[in-house]
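Participant: Everything below, folded, please.
(one chain, ligands or ions: 1)
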Amino acid sequence: MNLDRLATLLTPEGAEALAAAMEVSERDPLAATSALRARAIAPELAATALTQAVLRRRAEAKFGADAPVMFFTRAGLEQATRAKVAARRAARLAASGTRTVADLGCGVGADAIAFARAGLRVLAVDADPLTAAVAAANVAALGLADRVSVTAMDAREVGLDGVDAVFCDPARRTTSGRRVFDPTAFSPPWDFVIGLTERVPRTVLKLAPGIDHALVPPGAEAQWVSVRGEVVEAAFWCGPLAEVPRRATLLRGDEVHELTGSGEELAPVGPVRRYLYDPDGAVVRAHLVAEFAATVDGTLADPTIAYVYADSPTPTPYGRCLEIVEVLPFSLKRLRSALRARGAGRITIAKRGSAVDVERLRRDLKPVGDAELTVVLTRVAGAPTALLCTPVGQWGR
Ligand SMILES: C[S@@+](CC[C@H](N)C(=O)[O-])C[C@H]1O[C@@H](n2cnc3c(N)ncnc32)[C@H](O)[C@@H]1O
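Facilitator: Here you go, the predicted model:
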């Protein structure tokens, strides 16, 4: 897509082409293209509309019912915050008394839309003119243009006088789409991003889940968010927005579960016990394993590995629970014969603290039989260990 093509999509003729494309977008691309040609839609418009229709369908996972009226670039959709996550952030910002927010690097507008819906006025900017135009189209399509101004400009040029809060979700990809992990390669760059916390006390930064705890500004809250067990982002809540040092927020359907703490507690260490908990990634990333272990009266079997062991299964939303049926020192031969003895042909392999190549192990084990087992590869008091397990309940899923 480019600016001209977006402009065409926004005309009545473009809207008609897009509506037609959405009707046929589930067919294979050739059939869909000929269906649009049969309606005398010009080839270039047909191609643009079809791409957009496919992106809208893909966007439903993040944007739900809004997706069919929104506009996307491929990169913009990939980088966009899920609507549910953005809505929680926006509600928290609104509850803090914030009335105006600058969204620096707004992408296709997922966060800006959520801020507006939470009642905030939004000054949204994106350095990429097409992305900014897409955000503007989205804000208009969702009836929020009176609350959101979108400008194509470099975030570093934006004056921040008069905004109550600033939100920045820097791009963490190269122009070719490769992910970057080094904050100095973020765009806008890290020194600008972190400098925002000095300029506007109420700063919220959205970052990749792998962000280093050492980068959390002094006194800020670092939050990790998971959606159905997948860790989707970290967010730093700075200045007066910080409530606790560390927070794990788990979203599952309509349920929200939060665990908070210092991020510095160490869980007690003990032997392997009958039940094993695999904590949600947000809990692990937030360094809240000790806080979680306390909720299930659990211990670690290795101080550096985030598996928690307990004598009884406590229902918990913070991790999945497995019953350990056998503990083996790790060896391919022993594991294979243990699985054969149990007729376990359907195996799930999980690991923490093990360098074993899971796919290769699965091939080497050649499991046969109808029984289902989870094989957990880990270390116990430093020794490579395999735990044969069965799931307990559905909590934490
Ligand atoms: C991760 S995306 C933002 C996604 C957005 N929060 C959403 O949920 O839709 C980062 C955006 O920052 C923009 N960007 C990168 N460098 C920028 C800069 N110096 N000034 C303004 N925007 C910038 C990119 O074009 C990209 O759209």
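Participant: rest of the way, CA atoms for contacts and neighbours
Facilitator: Fine.
Participant: Would you mind extracting the C-alpha trace of the host helix or strand of residue 320 into CSV?
Facilitator: In the assignment (DSSP states H and E), residue 320 maps to strand 319-329. Only the C-alpha atoms of strand 319-329 are listed here, as CSV (Å, rounded to 0.1, in the frame of the first residue of the first chain):
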residue,chain,number,x,y,z
GLY,A,319,0.4,-21.4,35.9
ARG,A,320,-0.5,-24.8,34.7
CYS,A,321,-0.2,-27.7,37.1
LEU,A,322,1.1,-31.2,36.4
GLU,A,323,1.2,-34.3,38.5
ILE,A,324,4.7,-35.9,38.4
VAL,A,325,4.4,-39.6,37.9
GLU,A,326,8.0,-40.5,37.5
VAL,A,327,11.4,-38.7,38.0
LEU,A,328,14.4,-39.9,35.9
PRO,A,329,17.9,-38.7,35.6
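Participant: Could you list the paired strands of it along with their orientation?
Facilitator: strand 275-279 (antiparallel), strand 383-392 (antiparallel) (DSSP bridges).
Participant: Pick the most deeply packed of the ones you listed.
Facilitator: Among these, the stretch with the highest mean neighbour count (mean count of other Cα atoms under 10 Å) is strand 275-279, at a mean of 25.
Participant: what is the mean pLDDT for it?
Facilitator: Per-residue pLDDT values over strand 275-279 give a mean of 97.
Participant: how far out from the middle of the chain is the helix or strand following that strand?
Facilitator: Sequence-wise, the next helix or strand downstream of strand 275-279 (DSSP H and E) is helix 281-285. Distance of helix 281-285 from its chain centroid, counting by Cα atoms, centre = their mean, to the nearest Å, is 12 Å.
Participant: So what touches the helix or strand just after helix 281-285?
Facilitator: Under the assignment DSSP H and E, the closest C-terminal helix or strand after helix 281-285 is helix 289-295. Contacts of helix 289-295 with the rest of the structure, by Cα atoms under 8 Å, 6 or more residues apart in numbering, involve 259-261, 265-268, 279, 283, 299, 306, 308, 318.
Participant: Quick one: name the residues of the stretch 101-250 of the chain near the ligand.
Facilitator: 104-111, 125-128, 131, 154-155, 169-171, 187-188 (Cα under 6 Å from any ligand atom).
Participant: Might you specify the subset of these located within strands?
Facilitator: 104, 125-126 (DSSP state E).
Participant: Compile the strands paired with strand 319-329 into JSON lines and extend it with columns for distance to the ligand.
Facilitator: As requested, the strands paired with strand 319-329 are exported to JSON lines (distance: least, Cα to the nearest ligand atom, whole Å):
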{"stretch": "strand 275-279", "distance to the ligand": "27"}
{"stretch": "strand 383-392", "distance to the ligand": "35"}
